[in-house]
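S.K.: Just a sequence and a predicted model for now, questions to come.
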Amino acid sequence: MIGGSIVAALIMAVVLFLLLFDWDWLRGPISRYASARTGREVRIEGHLRVHPWSWTPGAEVGGLRIGNPKWAGSGDLAYIKEIDLRARLLPLFIGQLDLPLLRLVEPRVDLIRDKDDRANWRFDSPKSAKPAQLPPIQRFVIRDGQVSMRDARRDLTLKGTMNAAETDTGGGKGFELVGQGTMNRDSFKLEASGGPLIHVERSRPYEFKLDLRSGATHVTADGRLLKPFNLGALQAELTASGPNLADLYHLTSIPLPVTPPYSFSAHVDRQDTKFILTNLRGRVGDSDMEGSATVDKPNDRRTITADISSRRLVFSDLLAVTGGGPKVKASAAKAALKQGGGATSNAVTPTGLLLPDAPLYRDRLQAMDAKLHYRAKSVVTAKWPLRQVAFDLTLDHGLLTLDPLSFEFPQGRLAGKVRLDGRKAPAVTDLDMRLTNLALDKMLAGKAGGPPPIEGVMIARAQLHGAGDTVHAAAAGANGRLVMVVPHGQMRQAFAELLGINVANGLYLLLAKDPKETPLRCAVADFEVKNGVAQVSNAVFDTGVVQAQGKGSIDLRNETVDLRLEGQSKKPRILRVWAPITLKGTLLHPKPGVDVGKAAPQIGLAAAIGAVFAPLAAILPFIEPGLAKDADCAALIGEAKAQGAPVKQATVNAAAASAPTKK
């Protein structure tokens, strides 16, 4: 009896102590403990009241202030005038927190993130990408809330209001956040709303809507949190539209390419740090796209994997990815350069330039990794009969590779790889592309169904290395080689005659539209590229009636062309004017002509064969090792040997160059 009385007395004393205890005495210890755990000052400036004797114990906190971390300077992350919360008792014993009530009066939240991705609302490591996970709140009340944000990484400023007021009978509104500000110097508006919070359960999804506008960019999401309020498990129907995909960088931190106006929709599933986009459909410019994508950020690096295809690709839309676009005046181009963008800026090519001059942002390429598998089933172009485009893109810590990269023609294929090293300053580009079996009659078909000027196949190879943060800059300092060969075929004799400027015969045949053909035995153009200048090393055009030799250069630094063809007739003609055919001007506007003031010197045809065709044995294996054995080109090499030209040593060197090396 005495022991029981003592226990009862102790329980009664504890109860009386809890009932009469002044909880304000704990404000200091709680504030110091919270400050130590969060690394920032936390203070309870008002009263603290605790209500422990209930199946839903709760607390009332007045004047809660949460300061900024030291790097964010003075000021507070949040100040809440009053907090009233209740928690269910039984779930607490199994580690679950369910809140029947959370009421916030006049909360003020000031969010800050700097360019180093340090955020004042993040209490864990800056590299952590774990989504926020809040407990379910049955009755959520926010009265006169204010939120502001300054995000240096997204160039975003935002001020808004947030409210949520509901009654037990379901009246009032659910959660609502409305704000406006600027992003990348464009107007920015945000509207977010949630469904009713009365009787929210862990097993029942919570509906939400999002509407965001940044300048002309518009993004909407209609979705649900699968486990309220776990932001790491959600589903949504997403739509996005705007003038340029690159503008989404400031919203997503993903350096998407420069594009024409776009619109797309997708179903989104978020699984912790991973976003999975399925049923992705839309348009970029006049091209359609469909496929799927996965975006993941398990640590400080974002990884994107995508499989995209187009039923119909308009080729000019693809050119925009490299910075190509409509031509504008230089002043407008400079203004566009200041607008930022994705991996390349949204600047367009200045007037007079063919090669794009939009800068590459190496820091954005280095911030993420990507793998893209792309296929275009049909292609629309203004000039070339291109049928299909395909490439696999890999981005790994700033090293971008397109391998394989292929362009399919009705007959013929251009394929190879491009490697852009964005880890270096400036970026370094290596290109190795081969053209095989391109049907010239398909590329150069005559108008109104007329016969094409040339029939046969073209084989070519370009191997270039350049440094620069724009396509134009890389080309302007490029080194390498470019070789084009037509090993055999047929040519309209009228065009062949004009290579020798046989006025009487060539013009007559052209005017008469004579379809008579002559053999095209072998045509070769070999350019050596040094410091952005492609100089003709060897160029020859051998037909049944004329043999022509080429000279000159293409200057990629200022995009000027200065080429000429000098012909030698193989047959006696009554009237011959040996004047070179010229091609001058710019890459964008080349102008053909005839240099009638400079007659070509008459040299023996045999000597010309020996001098020009001797290097063929070394040129042809650069494109294809077996090409030197082609019947027509091999015959010319044989003729050169017959004239005593030094072909043997060139053949030996070419064979050694094309032989596989042993490792």
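M.R.: Okay, I see it. Computed from a predicted structure; not experimentally measured. Numbering: from 1, shown residues only.
S.K.: Can you report how many residues neighbour residue 582?
M.R.: Number of residues near residue 582 (other Cβ atoms under 10 Å) recorded here: 18. The C-beta positions use only the backbone N, C-alpha and C, and glycine is treated the same way.
S.K.: That one touches residue 563, doesn't it?
M.R.: Yes. Between residue 582 and residue 563 there is a contact at 6.9 Å, judged by Cβ atoms under 8 Å.
S.K.: Give the residue spans of the stretch 301-450 of the chain that score low on pLDDT.
M.R.: The model of the stretch 301-450 of the chain has pLDDT under 70 over residues 321-354, 444-450.
S.K.: in it, which spans are helices?
M.R.: 315-319, 330-337, 362-366, 440-443 (DSSP state H, counting those that start in this stretch).
S.K.: Show the subsequent helix or strand relative to the shortest one.
M.R.: The first helix or strand that comes after helix 440-443 along the chain, using DSSP states H and E, is strand 454-467.
S.K.: In the sheet, which strands lie alongside that next one, parallel or antiparallel?
M.R.: strand 428-439 (antiparallel), strand 479-486 (antiparallel), strand 489-492 (antiparallel) (DSSP bridges).
S.K.: Turn those into a markdown table, including distance to residue 295 and mean neighbour count.
M.R.: Shown next, in a markdown table, are the strands paired with strand 454-467 (distance: least, Cβ to Cβ, whole Å; neighbours: other Cβ atoms under 10 Å):
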| stretch | distance to residue 295 | mean neighbour count |
| --- | --- | --- |
| strand 428-439 | 27 | 18 |
| strand 479-486 | 37 | 20 |
| strand 489-492 | 50 | 23 |
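S.K.: would you list those strands in a markdown table and tack on distance to residue 33?
M.R.: Listed next are the strands paired with strand 454-467 as a markdown table, based on distance: least, Cβ to Cβ, whole Å:
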| stretch | distance to residue 33 |
| --- | --- |
| strand 428-439 | 54 |
| strand 479-486 | 66 |
| strand 489-492 | 87 |
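S.K.: mind checking which of these is nearest residue 305?
M.R.: Among the strands paired with strand 454-467, the nearest to residue 305 by Cβ to Cβ is strand 428-439 (24.1 Å).
S.K.: so where is the stretch 51-200 of the chain shaky, pLDDT-wise?
M.R.: 124-133, 166-173, 197-200.
S.K.: where do the strands sit along it?
M.R.: Using DSSP state E, counting those that start in this stretch, the strands of the stretch 51-200 of the chain run over 58-67, 76-86, 101-113, 140-151, 156-166, 172-183, 186-194.
S.K.: tilt between the shortest one and strand 172-183?
M.R.: Relative orientation of strand 186-194 with respect to strand 172-183: 160 degrees, computed using axes from the mean of the first three to the mean of the last three Cα atoms, to 10 degrees.
S.K.: quick revisit: minimum distance to residue 385: which of the strands paired with strand 454-467 has it?
M.R.: Closest to residue 385 of the strands paired with strand 454-467 is strand 428-439 (Cβ to Cβ; 9.2 Å).
S.K.: CA atoms of that closest one as CSV?
M.R.: Output of strand 428-439 as CSV, limited to C-alpha atoms (Å, rounded to 0.1, in the frame of the first residue of the first chain):
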residue,chain,number,x,y,z
VAL,A,428,38.4,21.8,-80.0
THR,A,429,36.5,20.1,-82.9
ASP,A,430,37.5,17.1,-84.9
LEU,A,431,35.5,16.0,-87.9
ASP,A,432,35.9,12.9,-90.1
MET,A,433,33.2,12.4,-92.7
ARG,A,434,33.0,10.2,-95.8
LEU,A,435,30.7,10.5,-98.8
THR,A,436,30.1,7.3,-100.6
ASN,A,437,28.4,6.5,-103.9
LEU,A,438,26.5,9.8,-104.2
ALA,A,439,24.6,9.7,-107.5
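S.K.: what's that strand in contact with?
M.R.: 405, 409-421, 456-468, 474, 480, 484, 623-624 (Cβ atoms under 8 Å, 6 or more residues apart in numbering).
S.K.: again with stretch 90-107
M.R.: Counting by Cβ under 8 Å, 6+ apart, 55-56, 58, 78-88, 135-146, 162, 202 sit against stretch 90-107.
S.K.: contacts for stretch 204-213?
M.R.: Residues outside stretch 204-213 that contact it (Cβ under 8 Å, 6+ apart) are 175, 187-195, 197, 200, 218-229, 235-236, 251.
S.K.: what about it, distance to the chain center?
M.R.: Centroid separation for stretch 204-213 versus its chain: 28 Å, with Cα atoms, centre = their mean, to the nearest Å.
S.K.: buried stuff in that stretch?
M.R.: 205, 206, 208, 209, 210, 212, 213 (16 or more other Cβ atoms under 10 Å).
S.K.: and the fourth one, what element?
M.R.: For residue 209, the element it lies in under DSSP H and E is strand 206-214.
S.K.: Skip ahead from that strand and say which helix or strand is next.
M.R.: Next along the chain after strand 206-214, taking DSSP H and E as the criterion, comes strand 217-225.
S.K.: what residues does the helix or strand just after that following strand touch?
M.R.: Per DSSP H and E, the first helix or strand lying C-terminal to strand 217-225 is strand 233-242. For strand 233-242, the external contacting residues (Cβ under 8 Å, 6+ apart) are 205, 210, 215-227, 248, 261-272, 277.
S.K.: Turn the buried ones among those into a named PyMOL selection, would you?
M.R.: Selection of the buried residues among those in PyMOL, burial being defined by 16+ other Cβ under 10 Å:
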select buried, resi 205+210+215+217+219+220+221+223+224+225+226+227+248+262+264+266+268+269+270+277
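S.K.: For residue 623, report the pLDDT, please.
M.R.: On the pLDDT scale, residue 623 is placed at 76.
S.K.: Show me which of the contacts of stretch 90-107 are buried.
M.R.: 56, 58, 78-88, 135-142, 145, 162.
S.K.: With residue 121 as the reference, name the closest of the strands paired with strand 454-467.
M.R.: strand 428-439 (39.6 Å).
S.K.: how far is the closest one from where the chain is centred?
M.R.: The chain centre lies 22 Å from the centre of strand 428-439; the measure is Cα atoms, centre = their mean.
S.K.: same question, stretch 301-310
M.R.: Centroid separation for stretch 301-310 versus its chain: 10 Å, with Cα atoms, centre = their mean.
S.K.: Buried residues of that stretch, list them for me.
M.R.: Buried-residue list, stretch 301-310, by 16+ other Cβ under 10 Å: 302, 303, 304, 306, 308, 310.
S.K.: for stretch 275-291, same thing?
M.R.: Of the residues in stretch 275-291, those buried (16+ other Cβ under 10 Å) are 275, 276, 277, 280, 282, 283, 284, 287, 288, 289, 291.
S.K.: Go through the residues you listed and flag which are in strands.
M.R.: Counting by DSSP state E, the part of these found in strands is 275, 276, 277, 280, 282, 283, 284, 287, 288, 289, 291.
S.K.: From the residues you listed, pick the one nearest residue 117.
M.R.: For those, the nearest to residue 117 is residue 275 (18.3 Å; Cβ to Cβ).
S.K.: Tell me what the closest one is bridged to.
M.R.: residue 270, residue 295.
S.K.: Tell me which residues touch it, please.
M.R.: Contacts for residue 275 (Cβ under 8 Å, 6+ apart) come out as 268, 269, 294, 295, 296.
S.K.: so who does the fourth one touch?
M.R.: When you say that, I think you mean residue 295. So residue 295 contacts 254, 274, 275, 277, 302, 303, 304 (Cβ under 8 Å, 6+ apart).
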